[in-house]
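**Student:** the following block contains a protein sequence and its predicted model.
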Amino acid sequence: MGTDLAADLAELERVVDAVERHDAEIRTQIVELSDRLAEICKRGCIGFVGENFTIEELPDDERIYGYLYVSEQGIWLAHRSSYDDLSQAMSDDPTSDITYTPMNPRVWPLSWLREIDSTGKLEPIVVGLKTRGEAVLQGRVAIAERGRAVGQRPLVAIEDDLLTAAREWSFSTVVSEWSRAQRAVNSSPESAVRAACVLVETTLRHLLRFLNVDYPSDESVHSLYKALSKKFDMRPNDRGAPSLRGILSALNSLVHNIGVHRTKVSDAHGQDPTTQELSIDEARLAVNAAGTLCAFLMRHLTAHRGNAT
């Protein structure tokens, strides 16, 4: 073997070695991309299917074609051949669904690997998946915004009951305090808690004044409630059924803790450095609980006056 031939052969081997290394690097990169996209699909519960393209031209006008798709299992190449098309057309059921054979990039033939890499077929998959993720995000944001809008509104039953009862007795200030408490829930939870207590106190004062009952000496919200519950015969010991006594005790506890909550976490007083920030949901709970209590007390005024006549 001549010197030139030996040199050419050695150079050819070096070129093939370089090609093999390059192919191996490309496959490794695609496999790593596949693993990363698999994790993204799992986290976002998304996927994407690309468009059909020719993977490899074969003799006699035959070809292998297919599409790339990405899912929680990573990137896959779904493929079939024109021979498969012919076989299906000649089968007993030529109208049956077209089927593709999926293949993981770890086992793609080198010619397919090079075709996909050199023609940039992976970029549209990443872009498509990104677009799909953005669409999902926009949809979830819209759902969340609708949910927040619903959450910002008071429960219809509570509001209707309270407003109807307050207007029945011309307690316009109670209506104003309820509206103020509702507005504060989302803008300032601490103010909402204070407003919830003011709502209860306002309702109690209106009811006591309407019934010609003197205010207690300390005029705290809990003392006001105790004076009204006595007038309404709503003290726990006034009722015989244990379950009813439990409910009345809970109402007494509710008023007491609304007052404590106002003192401890609202903006009615300066806060201790260790005080935890109040959430919107916690503020809404306090306001809606106060609204339910006030609606009940105003409704009970009707029953009380009916019994008195």
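**Tutor:** Nice, I can see it. Numbering: from 1, shown residues only.

**Student:** which element follows the helix or strand bottoming out on mean pLDDT in the chain toward the C-terminus?
**Tutor:** The weakest-scoring helix or strand in the chain, judged by mean pLDDT, DSSP states H and E, is helix 122-152 (a mean of 69). Sequence-wise, the next helix or strand downstream of helix 122-152 (DSSP states H and E) is helix 156-168.

**Student:** next secondary structure element downstream of that following helix?
**Tutor:** That would be, after helix 156-168 and using DSSP H and E, helix 172-187.

**Student:** what packs against that next one?
**Tutor:** If you count contacts as 3 or more CB pairs under 8 Å, 6 or more residues apart in numbering; DSSP states H and E, helix 172-187 packs onto helix 156-168, helix 189-210, helix 280-308. For every residue, glycine as well, the C-beta is placed using N, CA and C.

**Student:** worst average pLDDT in those?
**Tutor:** Mean pLDDT is lowest for helix 156-168 out of the helices and strands packed on helix 172-187, coming in at a mean of 80.

**Student:** so can I have CSV of the helices and strands packed on helix 172-187 showing mean neighbour count and distance to Ile30?
**Tutor:** What follows is these, written out as CSV (neighbours: other CB atoms under 10 Å; distance: least, CB to CB, whole Å):
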stretch, mean neighbour count, distance to Ile30
helix 156-168, 16, 56
helix 189-210, 23, 51
helix 280-308, 18, 46
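
**Student:** between those, which one is nearest to Ile55?
**Tutor:** Set against Ile55 and scored by CB to CB, the helices and strands packed on helix 172-187 come closest in helix 280-308, at 54.4 Å.

**Student:** now for that closest one, which elements pack on it?
**Tutor:** Using 3+ CB pairs under 8 Å, 6+ apart, helix 280-308 sits against helix 156-168, helix 172-187, helix 189-210, helix 242-265.

**Student:** how about JSON lines for those helices, with distance to Glu51 added?
**Tutor:** Formatted as JSON lines, the helices and strands packed on helix 280-308 follow (distance: least, CB to CB, whole Å):
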{"stretch": "helix 156-168", "distance to Glu51": "49"}
{"stretch": "helix 172-187", "distance to Glu51": "46"}
{"stretch": "helix 189-210", "distance to Glu51": "51"}
{"stretch": "helix 242-265", "distance to Glu51": "58"}
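
**Student:** Glu56 is nearest to which of these?
**Tutor:** Ranking these by their distance to Glu56 (criterion: CB to CB) puts helix 172-187 first, at 60.2 Å.

**Student:** and the closest one with helix 189-210, angle?
**Tutor:** 170 degrees (axes from the mean of the first three to the mean of the last three CA atoms, to 10 degrees).

**Student:** in PDB, could you pull the C-alpha coordinates for helix 172-187?
**Tutor:** Output of helix 172-187 as PDB, limited to C-alpha atoms (Å, rounded to 0.1, in the frame of the first residue of the first chain):
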ATOM      1  CA  SER A 172     -79.200  52.700  57.500                       C
ATOM      2  CA  THR A 173     -76.000  53.000  59.500                       C
ATOM      3  CA  VAL A 174     -75.800  49.200  59.700                       C
ATOM      4  CA  VAL A 175     -76.000  49.000  55.900                       C
ATOM      5  CA  SER A 176     -73.200  51.500  55.600                       C
ATOM      6  CA  GLU A 177     -71.000  49.600  58.000                       C
ATOM      7  CA  TRP A 178     -71.600  46.400  56.200                       C
ATOM      8  CA  SER A 179     -70.500  48.000  52.900                       C
ATOM      9  CA  ARG A 180     -67.500  49.500  54.500                       C
ATOM     10  CA  ALA A 181     -66.400  46.200  55.900                       C
ATOM     11  CA  GLN A 182     -66.800  44.500  52.600                       C
ATOM     12  CA  ARG A 183     -64.800  47.100  50.700                       C
ATOM     13  CA  ALA A 184     -61.900  46.700  53.200                       C
ATOM     14  CA  VAL A 185     -61.600  42.900  53.000                       C
ATOM     15  CA  ASN A 186     -59.400  43.000  49.900                       C
ATOM     16  CA  SER A 187     -57.700  46.400  50.300                       C
END
